[in-house]
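Undergrad: this is the structure alone, sequence omitted:
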């Protein structure tokens with residue numbers, strides 16, 4: 001054998017082994033997580049960059065869906081949660097008479113689809129309001145991470161508390177305000193969630209890709225009633241809604257109408 005032993009060479013104990021080079025797929029997943037524009041606002045915010053593989057290795061490839069597509073339907077199995085990367089999603093409950101209630105809107109950075117009992121069917125549907133891009137996270141692969149990582153569990157509890165507080169706001173809004181107040185409150189909430197502050201100067205704009213029907217289903221009004229209220233607010237030079245953009249002409253008037261001065265919006269900030 002040419003005097004060469006076939007036994008494996010022993011490494012010097014002081015020389016650490018080099019880690020195996022990551023596969024292209026793993027490297028691509030890691031880079032996509034690190035470059036994600038909304039990572040700081042969703043479940044992944046609790047995972048530091050050095051440990052990002054804990055998320056990168058469990059997530060599924062990003063999913064694109066057109067406007068109107070159903071992400072999941074009521075009574076379906078709960079197998080995935082989602083982070084919204086782009087676009088808007090409506091979370092909708094169907095009533096016994098066939099009517100619908102929009103429970104909430106998921107915006108870029110929002111984490112949705114989580115429920116306490118993963119074996120129970122979905123309690124609502126998720127429908128794309130616009131074209132969307134989602135990051136799917138399988139429940140069966142995320143659950144061990146939540147159970148073993150205190151930071152992730154704490155952050156998830158904060159997200160759940162935010163959703164609960166917003167649900168309470170919606171109940172109070174629809175039960176205690178007139179049509180103008182309900183609509184104004186919804187618009188202020190959606191502004192706050194995009195800008196993380198209240199409107200402060202005239203003529204600020206935000207995305208608002210909602211139909212009259214969706215606004216009505218969110219505040220318990222018919223599309224005709226929503227149209228009348230928006231027309232009145234436009235005639236009073238408070239706001240203008242046109243082609244998916246909301247122009248707030250008079251922020252002080254909109255804030256007064258919304259009732260936010262009397263009852264502040266639910267805190268949507270992410271803790272450090």
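TA: Thanks, I have it. Remember, it's a predicted structure, so these values are computed and weren't measured experimentally. Numbering: from 1, shown residues only.

Undergrad: show me the helices in the protein, by range?
TA: 24-34, 53-56, 139-148, 150-176, 179-195, 212-219, 223-235, 251-258 (DSSP state H).

Undergrad: list the buried residues in the second one.
TA: The one in question is helix 53-56. 54-56 (16 or more other C-beta atoms under 10 Å). Every C-beta, even on glycine, is put in place using the N, C-alpha and C of the backbone.

Undergrad: stretch 196-215: end-to-end distance?
TA: Distance between the two ends of stretch 196-215: 21 Å, counting by C-alpha to C-alpha, to the nearest Å.

Undergrad: I'd like to know how far residue 27 sits from residue 34.
TA: Going from residue 27 to residue 34 by C-beta to C-beta, to the nearest Å gives 11 Å.

Undergrad: coming back round to it: need the helices of the chain in CSV (columns: mean pLDDT and distance to residue 204).
TA: Listed next are those as CSV, based on pLDDT from 0 to 100; distance: least, C-beta to C-beta, whole Å:
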stretch, mean pLDDT, distance to residue 204
helix 24-34, 83, 32
helix 53-56, 84, 34
helix 139-148, 86, 37
helix 150-176, 91, 22
helix 179-195, 95, 8
helix 212-219, 98, 19
helix 223-235, 96, 15
helix 251-258, 95, 7
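
Undergrad: ok, which of those helices comes nearest residue 128?
TA: Residue 128 lies closest to helix 212-219 among the helices of the chain, at 11.7 Å (C-beta to C-beta).

Undergrad: who's in contact with that closest one?
TA: Defining contact as C-beta atoms under 8 Å, 6 or more residues apart in numbering, one finds that helix 212-219 is touched by 90, 92, 100-102, 105, 129, 170, 173-174, 179, 182-183, 185-186, 210, 221-223, 225-227, 230.

Undergrad: return a ChimeraX selection command for the buried portion of the residues you listed.
TA: In ChimeraX, this line selects whichever of these come out buried by 16+ other C-beta under 10 Å:
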select :90,92,100,101,102,105,129,170,173,174,179,182,183,185,186,210,221,225,226,230
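
Undergrad: and the helices of the chain: which comes nearest residue 109?
TA: helix 179-195 (9.1 Å).

Undergrad: which elements pack onto that closest one?
TA: Helices and strands touching helix 179-195, by 3 or more C-beta pairs under 8 Å, 6 or more residues apart in numbering; DSSP states H and E, are helix 150-176, strand 204-207, helix 212-219, helix 223-235, strand 245-248, helix 251-258.

Undergrad: out of these, which one sits most buried?
TA: Ranked by mean neighbour count, the helices and strands packed on helix 179-195 are led by helix 212-219 with a mean of 21 (mean count of other C-beta atoms under 10 Å).

Undergrad: that one vs helix 179-195, what angle?
TA: Angle, helix 212-219 to helix 179-195, by axes from the mean of the first three to the mean of the last three C-alpha atoms, to 10 degrees: 100 degrees.

Undergrad: report the distance from helix 212-219 to the chain centre.
TA: Distance of helix 212-219 from its chain centroid, counting by C-alpha atoms, centre = their mean, to the nearest Å, is 19 Å.
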